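Asks: can you look at this prediction? I've put the sequence above it.
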Amino acid sequence: MIFFLNLLLLLQGPGGTQTPDARSTVTRALPLLQQSADEFVKHQACVSCHHNILPILMLRQARARGVSIDSSVLEAVEKKTFAELRNVDSLDRAVQAATLNDPTPNDSYLLMAAGATGIGPDLTTAVYARRLASWQRDGHWVTSDFRPPHSSSEFTATATAIRAMRLYMPEELISLRNQSFAKARQWMSSNPPLSTEDAAFRLMGFVWASAPKKEIQTAERDLLAMQQTDGGWAQLRTYESDAYSTGQALYALAEAGMPVREMSWSKGARFLVSSQKPDGSWQVHTRMLSPATVSPPYFETGFPYKHDQFLSYAGSCWAVMALLRDLPDLGSIQSPDLQSTATQSTSDAWIRTALFGSVSQLRTLLDAGLDANTATKSGTSLLMMSVTDPAKVQFLLSRGANAKARSTLGTDALTVAASYRGTSASIRLLLAASAAADPPDTVHIRNSPLTLAAMSGDVANVRALLDGGATATAGALSEAVTFGYPDVVQALVRAEADPTITDSSGINLLHWATITNRSALIPVLAKMRVPVNDLDNNGFSPLMYAATLDFGETQTMRALLKAGADPKLANKDGKNAIQQAVALKHTQMIPILSSGSK
């Protein structure tokens, strides 16, 4: 049956719903993409957006549209990707923030892929979704991933958080989810997109938040305005069209309901078909051109283009996912063995009540005989599960809950509380109950409470921990810079964190603020006497990094010049920042640097 349907689609002419050669283009792309994904997960422990999340989304969509895939590759990628959700202790590790690095896009993309796979909601996914909600800022989410174009956009962070919460927010917190969506829609409406990544995820964010039609139409027009004369989209307006941006734009337009027959969509699809290489791939040039180490070491996965490989891989995935929207959806085929298999019982009323219930519901359980120090086999306690609600924390402490208790992973309730925003009241209650502000030397956990608070950007939590005796560490300070929180940096430095630290490659905090494009931190760090013209081991000053990395705007560069950065300072190759910008054809930077050299 599927064979005859595929044959019919291939024979459709221009009047049909399918872009000419869409199916053959997809079929040509899949072998190399699957081979590379299989190789990546064999050698890389981390879950990446480009080689884990995107291939899962792509292969699931291909299967749903009757395109043949290598099921063994999909199974291998999903097994590695969903280990955090499917292990025996997944719930314990989720509650304890044992693997917390950056909720957006790490956890939000993870939940999006889980939804595409058919992993049903449970307590583990609910914990991930609730933590996502708590990290929302003034309507948007911040990411520590600063690799343009993928992942660095706050629109990407915001839209993927919306999608993840739409899929997995527990029913007890639907009101919180809807409030979060409303704030996100307001932020997205108030902030214009600078790049195609921004515009595409802004549109998808509105769609996933069930925004009014007017908001979706406005975002759609903004994305369409970025389409170039060749039918494609570029990462930035001054760049050439590529498969990454074009695939992403078309996918977003399809999510918003644009018919594939519409002229703009068809032109974009034709660009993808015509720009595919004979081996089935698309090349996309990376903008991560600096010598600084910003992600796991590069290695070959069998995909072409050397150091353009990972972005080209992501671009090829987006191109395929866009073209798949041309093909009829035959219904997804779920694998029963890929459903959530955590053995932690989700029917335990005390766990759900501690996580998402009220203090009165918790009191009922304790009055009926539940011990205030009840915990899972891995040591995840009632107190750890209740930290987002200070009333529950206070009640449990009054009933004898031990604030010092640690799990088998070394985590205590204070560490869990610090992994959320808005928990300073709970933190102060726990500190008053003798919780340790710093973990003992004998306890090894991924992040200290202060580091987690710095990552989340909650300055009230940071101050509560510092008041409780936490040591202002270099780790907490560097995380505050990475995520871009000037108020947290100032609080930590006032508590005697050293702002002049450098890493083993000679990168200081001004270098790092530049590499991560945190313009608001430049004057703060300069005022703290962080050297603005220091060279790292690569021979790069902060301004040299600003001239190398194109984020589509120049606020960080302007801030460095205002702080006294020297545009004539040369690197090891004898190039100064102006010459670097000229060599890389960053034309918008040249007049700014030239004026700063006078």
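Replies: Good, I have the coordinates.

Asks: longest helix anywhere in the chain?
Replies: helix 22-43 (DSSP state H).

Asks: low-confidence regions, the stretch 201-350 of the chain specifically.
Replies: Low-confidence segments of the stretch 201-350 of the chain, defined by pLDDT under 70: 332-347.

Asks: could you list every helix and strand in contact with the longest helix of the chain?
Replies: helix 2-11, helix 54-64, helix 71-81, helix 263-275, helix 309-324 (3 or more Cβ pairs under 8 Å, 6 or more residues apart in numbering; DSSP states H and E). The C-beta positions use only the backbone N, C-alpha and C, and glycine is treated the same way.

Asks: highest mean neighbour count out of these?
Replies: Mean neighbour count (mean count of other Cβ atoms under 10 Å) peaks for helix 309-324 among those, with a mean of 27.

Asks: quick check: angle from that one to helix 263-275?
Replies: 130 degrees (axes from the mean of the first three to the mean of the last three Cα atoms, to 10 degrees).

Asks: next, the angle from helix 309-324 to helix 22-43.
Replies: Computed by the same axes, to 10 degrees, the angle between helix 309-324 and helix 22-43 is 140 degrees.

Asks: just the CA trace of helix 309-324, in PDB.
Replies: In PDB, the C-alpha atoms belonging to helix 309-324 read as follows (Å, rounded to 0.1, in the frame of the first residue of the first chain):
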ATOM      1  CA  GLN A 309      30.400  19.500   9.900                       C
ATOM      2  CA  PHE A 310      28.200  19.900  13.000                       C
ATOM      3  CA  LEU A 311      26.300  23.000  11.700                       C
ATOM      4  CA  SER A 312      26.100  21.400   8.200                       C
ATOM      5  CA  TYR A 313      24.600  18.300   9.900                       C
ATOM      6  CA  ALA A 314      22.000  20.400  11.700                       C
ATOM      7  CA  GLY A 315      21.300  22.300   8.500                       C
ATOM      8  CA  SER A 316      20.800  19.100   6.600                       C
ATOM      9  CA  CYS A 317      18.400  17.800   9.300                       C
ATOM     10  CA  TRP A 318      16.300  21.100   9.100                       C
ATOM     11  CA  ALA A 319      16.300  20.800   5.300                       C
ATOM     12  CA  VAL A 320      14.900  17.300   5.500                       C
ATOM     13  CA  MET A 321      12.400  18.100   8.100                       C
ATOM     14  CA  ALA A 322      11.100  21.000   6.000                       C
ATOM     15  CA  LEU A 323      10.800  18.900   2.800                       C
ATOM     16  CA  LEU A 324       9.100  16.100   4.800                       C
END
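
Asks: what's the spacing between it and its chain's center?
Replies: Distance of helix 309-324 from the chain centroid (Cα atoms, centre = their mean, to the nearest Å) equals 18 Å.

Asks: tell me the first helix or strand C-terminal of that helix.
Replies: helix 349-356 (DSSP states H and E).

Asks: any buried residues in that following helix, and which?
Replies: 350-356 (16 or more other Cβ atoms under 10 Å).

Asks: in JSON lines: these, plus distance to residue 256.
Replies: Formatted as JSON lines, the buried residues of helix 349-356 follow (distance: Cβ to Cβ, whole Å):
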{"residue": "350", "distance to residue 256": "43"}
{"residue": "351", "distance to residue 256": "39"}
{"residue": "352", "distance to residue 256": "36"}
{"residue": "353", "distance to residue 256": "40"}
{"residue": "354", "distance to residue 256": "40"}
{"residue": "355", "distance to residue 256": "34"}
{"residue": "356", "distance to residue 256": "32"}
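
Asks: for the helices and strands packed on helix 22-43, give me JSON lines that also has distance to residue 545.
Replies: As requested, those are exported to JSON lines (distance: least, Cβ to Cβ, whole Å):
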{"stretch": "helix 2-11", "distance to residue 545": "49"}
{"stretch": "helix 54-64", "distance to residue 545": "28"}
{"stretch": "helix 71-81", "distance to residue 545": "32"}
{"stretch": "helix 263-275", "distance to residue 545": "31"}
{"stretch": "helix 309-324", "distance to residue 545": "19"}
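
Asks: how about the helices in the stretch 151-300 of the chain?
Replies: Per DSSP state H, counting those that start in this stretch, the stretch 151-300 of the chain carries helices over the ranges 154-168, 174-190, 196-208, 213-224, 243-255, 263-275.

Asks: how about the contacts made by the residue most central in space within the chain?
Replies: Central residue of the chain (Cα atoms, centre = their mean): residue 105, 1.4 Å from the mean position. Taking Cβ atoms under 8 Å, 6 or more residues apart in numbering, we find residue 105 in contact with 49, 143, 145, 151, 156-157, 160.

Asks: number of nearby residues for residue 239?
Replies: Using other Cβ atoms under 10 Å, residue 239 has 19 other residues around it.

Asks: what of the one 5 residues further on?
Replies: Burial of residue 244 is recorded as 29 neighbouring residues (other Cβ under 10 Å).

Asks: is it true that it touches residue 313?
Replies: No - using Cβ atoms under 8 Å, residue 244 is not in contact with residue 313; the gap is 9.6 Å.

Asks: and the nearest residue to residue 566 once chain neighbours are set aside, what element?
Replies: Leaving aside its chain neighbours, residue 566 sits nearest to residue 533 (5.2 Å; criterion: Cβ to Cβ, 6 or more residues apart in numbering). Of the helices and strands defined by DSSP H and E, none includes residue 533.

Asks: for residue 128, same thing?
Replies: helix 123-134.

Asks: give the buried residues for the longest helix of the chain.
Replies: Result for helix 22-43 [16+ other Cβ under 10 Å]: buried residues 22-23, 25-30, 32-34, 36-41.

Asks: stretch 272-288 now?
Replies: Quick answer for stretch 272-288 (16+ other Cβ under 10 Å): 272-273, 275-277, 280-288.

Asks: list the contacts of it.
Replies: 19-22, 25, 28-33, 147-149, 232, 235, 241-244, 246-247, 250, 294, 303-305, 307-308, 310-312, 314-316, 319, 322-323, 549-550.

Asks: if we go to 6 Å?
Replies: Contacts with stretch 272-288, where a contact means Cβ atoms under 6 Å, 6 or more residues apart in numbering, come from 21, 25, 28-29, 32, 147-148, 242-244, 246, 304-305, 308, 311-312, 315-316, 319, 550.

Asks: want to try JSON lines for the buried residues of stretch 272-288, with distance to residue 556 as columns?
Replies: JSON lines is the format used below for these (distance: Cβ to Cβ, whole Å):
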{"residue": "272", "distance to residue 556": "33"}
{"residue": "273", "distance to residue 556": "38"}
{"residue": "275", "distance to residue 556": "32"}
{"residue": "276", "distance to residue 556": "36"}
{"residue": "277", "distance to residue 556": "35"}
{"residue": "280", "distance to residue 556": "38"}
{"residue": "281", "distance to residue 556": "33"}
{"residue": "282", "distance to residue 556": "30"}
{"residue": "283", "distance to residue 556": "28"}
{"residue": "284", "distance to residue 556": "24"}
{"residue": "285", "distance to residue 556": "22"}
{"residue": "286", "distance to residue 556": "19"}
{"residue": "287", "distance to residue 556": "14"}
{"residue": "288", "distance to residue 556": "16"}
